[in-house]
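>>> got a predicted structure plus its sequence, pasted below:
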Amino acid sequence: MFLVYFAGELFSSKHLVGNAALADAIAKASNLNFACVLPQTLEDREMRAQDIRDKDIVTLIGCDLALFNFDGPELDSGTVVEFMFAKFADIPSLLLRTDFRRAGDQGEDPWNLMMSFYPRTRTLCLNSMEIYKKALSSGMSPVRAGQSLTEQVADAAVRELELLSHLAPVIPDQLTEPVFRWLSKMPGFHSSESGEKVMAALARKKANRPLT
């Protein structure tokens, strides 16, 4: 089983319910091969702001893969930061956009070009409105059409995650420990325990799946 960090907005009922539904659909579509870790289930809003940030970073680095929701006319800033941490840690990443609106300053991806062209990264752009309308036209109720949309997005995401899971690491083996040691220091974690968890994540990854 692969742990997949699920990054995206979590500030409204729409975000919370949508994230949870897609995470559950991905687990089912992959026969539990991909288990999404939702930051919204980890965060205690009574925690210090930095402690919330630290926990998210440590959890991300500990996962095998990551999925980043790139919906919206402007990408969520927290999701962008998490994506860059994933690239620093050489975590295979899926950039998912179901928003049919285009944005950004390039023709290839519908977002700012600084978010594109990274190794061990795949892009999945789907027109959710088109999929939803097609389901409605087949006679489905609005609720069932929404469920069908979620299932179709999950199926497509699982195919991409499967491809990502087989991509070879970019970081040379001799550099993995120095890179992770830097990641354990660079964020300025509030607690030294967070840095220790980053290094423990590297040890687990080496033990479970050879990095070369």
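Ah, there it is.

>>> contacting residues for Asn69?
Asn69 makes contact with Phe6, Ala7, Gly8, Glu9, Asn19, Asp76, Thr79, Leu96, Arg97 under the criterion Cβ atoms under 8 Å, 6 or more residues apart in numbering. Placement of C-beta: from N, CA and C, glycine included.

>>> following whatever helix or strand the fifth one lives in, which helix or strand shows up next?
Element membership for Asn19 (DSSP states H and E) is helix 13-29. Beyond helix 13-29 on the C-terminal side, the first helix or strand identified by DSSP H and E is strand 34-37.

>>> give me the contacts around that following strand.
Strand 34-37 has contacts (Cβ under 8 Å, 6+ apart) with 1-6, 22-23, 26-27, 59, 63, 65, 67, 158, 161.

>>> following that strand, which helix or strand comes up?
helix 39-42.

>>> average pLDDT across that following helix?
What helix 39-42 shows for mean pLDDT is 90.

>>> doesn't Leu167 make contact with Asp90?
No - assessed by Cβ atoms under 8 Å, Asp90 is found out of contact with Leu167, at 9.9 Å.

>>> need the overlap of contacts for these two.
Common neighbours of Asp90 and Leu167 (Cβ under 8 Å, 6+ apart) are Arg120.

>>> in terms of neighbours, single out the busier of these two.
Neighbour count, other Cβ atoms under 10 Å: between Asp90 and Leu167, Asp90 has more, with 20 against 14.

>>> which residue, neighbours along the chain excluded, lies closest to that one?
Ile171 (4.6 Å; Cβ to Cβ, 6 or more residues apart in numbering).

>>> residues touching the most centrally placed residue in the chain, list them.
The centroid of the chain falls nearest to Leu67 when counting by Cα atoms, centre = their mean (2.1 Å). Contact analysis of Leu67 by Cβ under 8 Å, 6+ apart lists Val4, Tyr5, Phe6, Ala7, Ile26, Cys36, Ser93, Leu94, Leu96, Ala157, Leu161.

>>> quick one: what helix or strand has the first one in it?
It refers to Val4. Using DSSP H and E, Val4 sits in strand 2-7.

>>> quick one, that strand and helix 13-29 angle?
Counting by axes from the mean of the first three to the mean of the last three Cα atoms, to 10 degrees, strand 2-7 points 160 degrees away from the direction of helix 13-29.

>>> for strand 2-7, list the C-alpha coordinates in PDB.
These are the backbone C-alpha positions of strand 2-7, laid out as PDB (Å, rounded to 0.1, in the frame of the first residue of the first chain):
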ATOM      1  CA  PHE A   2       1.200   3.500  -0.900                       C
ATOM      2  CA  LEU A   3       0.500   6.500   1.300                       C
ATOM      3  CA  VAL A   4      -0.600   9.500  -0.800                       C
ATOM      4  CA  TYR A   5      -0.500  13.000   0.700                       C
ATOM      5  CA  PHE A   6      -3.700  14.800  -0.500                       C
ATOM      6  CA  ALA A   7      -3.000  18.500  -0.700                       C
END
